[in-house]
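**Student:** below are the sequence and a predicted model for it; my questions follow.
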Amino acid sequence: MNDPSPLPRSSYPRIAPLYRFQWEAAQNAYVLLFPEGMVQLNVAAGEILRRCDGKRSADQIIADLRIAFESDAIDADVEAFLRSATNDGWVEWRDGVAP
Amino acid sequence: MNAVIKPAPMPLWMVAELTYRCPLHCAFCSNPVDFAKVESELSTEEWFRVFAEARALGAVQLGLTGGEPLSRPDLELLVAEAHRLGFYTNLITSGVGLNETRMRALKDAGLDHVQLSFQDSTRELNDFLSSTRTFDLKRRVATLIKGHGFPMVMNCVIHRLNIDHVDRIIDLALEIGAEYLELANTQFYGWADLNRAQLLPTREQLERSEAVVAGYRQRIGKQLRILYVISDLYETRPKRCMNGWGTTFMVIAPDGLVMPCHAARMLPGIDLPSARDASLQQIWRDSPAFNRFRGDQWMPEPCRSCPEKTKDLGGCRCQAFLLTGDIGATDPVCDKSALHGRVLQIVNGPRPVAANIERPLVFRTPENSRQLIADTADTAQP
């Protein structure tokens, strides 16, 4: 998915198989783990990726986050994050629910 | 006053050197040259305790290496326990001993990733450098790894004898479907230091190879990420030693010695603690070894007053020792060091013309290790 294209909001993002996403109590943060590396995620990134389970569409994730963050003005931020996470290879997309 | 408390460093990365046994005999191995002294390996249960203690300290990446970790028949048990504890498990292997049965068992145990080493893109040089016949086997193992859906890092240590093949090494990585390729120029510790004259590439070789890598990166995009690390000796600023001594890394040797870096065993005056005698928490937080080069109080000039000291933290302690004889010296890779001339002398100095003829490579074998131990003992006699 390239940058200018609209986010496929009816599609189902999930963490790419190269990555493992988990909560690290010692760091008080969600992290993404990959061969010999780690990304420590801030609160917003963690909350978005936590919902990228292949069972929720981007639309559903955004609706859910509006409630979690008690704000209706998050769409652009979430879309921007998902776009860059996709470019970084952290997230991949399916048209339907992951098996 | 600064209200922000700097968080205590955490050993995010733990390297477990499970054994010094290895079917390969690579002339650039980073294991200590006196590895043959180490006889008593940690047991399965001792490793379980070490893993649990490291995890409690915040360790999350676990590198299982050696020697050849597959030499441990309990490797699958160790992976399963590490996985249960929540580690991301990296198997760093030559591939020797990896068959379908063990591969499936490792997958079932929760192994996350396999890093497979090659010594070159050609059978001849791969087999020469490792002093084994393993090239074809490695190709088969690569297929096995991908067949089980593991992400794969191909690692190739780069030096004078194979640096001109960097293009073909990248082609090989593409062919076997690796996600990452680590082209790590030899760092000169352990066996590599013994063989430095034969292994250090020339500046021209290095520049050519950098251009080749840059060309490939442009062409192949994201299908293969290439990490290209050049030898410190060609730099004018040192690298942080293991991201900072006692800040991120903890290496456990086969006999349980706990080290801030792979090569710390050779540093004189550092009393390395053992995981058999103390908890990792005590070792990480309180041991003189881990505290020795934390912060900047230990730094000599020109580091102490240098604006870049927070960037490179004075560089590599092992390199400082090997090149100056003083473990507390500024890393002479830095061109602000009064001893930088020693580095220039090495990289610009005369080299053997035909790399492996004038002086043979010293291969990493138990026999050679015992000989080196004996030689050192002879020298130490009054």
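**Tutor:** Happy to help now that I have it. Numbering: from 1, shown residues only, chains lettered A, B, ... in the order given.

**Student:** could you measure from the residue lying closest to residue B:132 once chain neighbours are set aside over to residue B:36?
**Tutor:** Sequence neighbours aside, residue B:24 is the residue nearest to residue B:132 in space, at 5.5 Å (criterion: CB to CB, 6 or more residues apart in numbering or on different chains). Glycine gets a C-beta too; all of them are placed from N, C-alpha and C. Distance, residue B:24 to residue B:36, by CB to CB, to the nearest Å: 15 Å.

**Student:** likewise residue B:306?
**Tutor:** In terms of CB to CB, residue B:306 sits 40 Å off from residue B:36.

**Student:** more neighbours: which of residue B:24 and residue B:36?
**Tutor:** residue B:24 (21 against 18; other CB atoms under 10 Å in any protein chain shown).

**Student:** what sits against the more buried one?
**Tutor:** Neighbour list for residue B:24: B:68, B:94, B:96, B:130-132, B:134, B:364 [criterion: CB atoms under 8 Å, 6 or more residues apart in numbering or on different chains].

**Student:** what do you get for residue B:89?
**Tutor:** B:62, B:64, B:79, B:82-83, B:110-113.

**Student:** what about the helix or strand hosting residue B:209, average pLDDT?
**Tutor:** Under the criterion of DSSP states H and E, residue B:209 resides in helix B:203-220. Mean per-residue pLDDT for helix B:203-220: 94.

**Student:** give me the buried positions along that helix.
**Tutor:** Buried residues in helix B:203-220, counted by 16 or more other CB atoms under 10 Å in any protein chain shown: B:205-206, B:208-209, B:212-213, B:216.

**Student:** for stretch B:177-192, same thing?
**Tutor:** Going by 16+ other CB under 10 Å, stretch B:177-192 has these buried residues: B:178-192.

**Student:** which one of those residues is nearest residue A:6?
**Tutor:** Nearest to residue A:6 out of these is residue B:179 (CB to CB; 28.5 Å).

**Student:** quickly note the distance from that closest one to residue A:47.
**Tutor:** From residue B:179 over to residue A:47 (counting by CB to CB), the distance is 27 Å.

**Student:** residue A:57 too?
**Tutor:** For residue A:57 relative to residue A:47 (CB to CB), the value is 17 Å.

**Student:** and for residue B:176?
**Tutor:** Counting by CB to CB - residue B:176 and residue A:47 are separated by 38 Å.

**Student:** now chain A against chain B: closest residue?
**Tutor:** Residue nearest to chain B within chain A (CB to the nearest CB): residue A:26, separated by 3.2 Å.

**Student:** pretty sure that residue is touching residue B:86, no?
**Tutor:** No - the criterion here is CB atoms under 8 Å, and residue A:26 misses it with residue B:86 at 10.2 Å.

**Student:** any residues in contact with both of these two?
**Tutor:** residue B:60.

**Student:** residue B:364 - nearest residue in space that isn't next to it in sequence?
**Tutor:** Using CB to CB, 6+ apart, the nearest residue to residue B:364 is residue B:29, at 4.1 Å.

**Student:** scratch that, residue B:235 is what I was asking about
**Tutor:** residue B:333 (5.5 Å).

**Student:** test my guess that the one you found contacts residue B:231.
**Tutor:** No - using CB under 8 Å, residue B:333 makes no contact with residue B:231, being 9.4 Å away.

**Student:** just to revisit the earlier point, report pLDDT for the residue nearest to residue B:364.
**Tutor:** The predicted local confidence for residue B:29 is 91.

**Student:** tally of neighbours for it?
**Tutor:** Residue B:29: 24 neighbours (other CB under 10 Å).

**Student:** repeat that for residue B:21.
**Tutor:** Neighbour tally, residue B:21, other CB under 10 Å: 17.

**Student:** ok and the residue in chain B nearest chain A?
**Tutor:** residue B:58 (3.2 Å).

**Student:** and the nearest residue to that residue once chain neighbours are set aside, helix, strand or coil?
**Tutor:** Nearest residue to residue B:58 in three dimensions, chain neighbours excluded: residue A:26, at 3.2 Å (CB to CB, 6+ apart). What DSSP: H, G, I helix; E, B strand; the rest coil gives for residue A:26 is helix.

**Student:** where's residue A:26 relative to residue B:258, distance?
**Tutor:** 18 Å.

**Student:** and if you look at residue B:237?
**Tutor:** 29 Å.

**Student:** higher neighbour count, those two?
**Tutor:** Taking neighbours as other CB under 10 Å, residue B:237 and residue B:258 compare with residue B:258 leading, 27 against 14.

**Student:** pLDDT for the contacts of residue B:24 - can I get that in a markdown table?
**Tutor:** Converted to a markdown table, these look like this (pLDDT from 0 to 100):
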| residue | pLDDT |
| --- | --- |
| B:68 | 96 |
| B:94 | 94 |
| B:96 | 92 |
| B:130 | 83 |
| B:131 | 83 |
| B:132 | 83 |
| B:134 | 88 |
| B:364 | 91 |
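
**Student:** which of the residues you listed count as buried?
**Tutor:** Here, 16+ other CB under 10 Å leaves B:68, B:94, B:96, B:130-132, B:134, B:364 buried among the contacts of residue B:24.

**Student:** for residue A:93, state which of the residues you listed is nearest.
**Tutor:** residue B:94 (37.2 Å).

**Student:** strands along chain A, start to end?
**Tutor:** A:12-15, A:20-24, A:29-34, A:37-40, A:91-94 (DSSP state E).

**Student:** show me the contacts for the closest residue to residue B:42 other than its chain neighbours.
**Tutor:** Using CB to CB, 6+ apart and skipping the chain neighbours, the partner closest in space to residue B:42 is residue B:256 (5.0 Å). For residue B:256, the contacting residues are B:42, B:46, B:50, B:274-276, by CB under 8 Å, 6+ apart.
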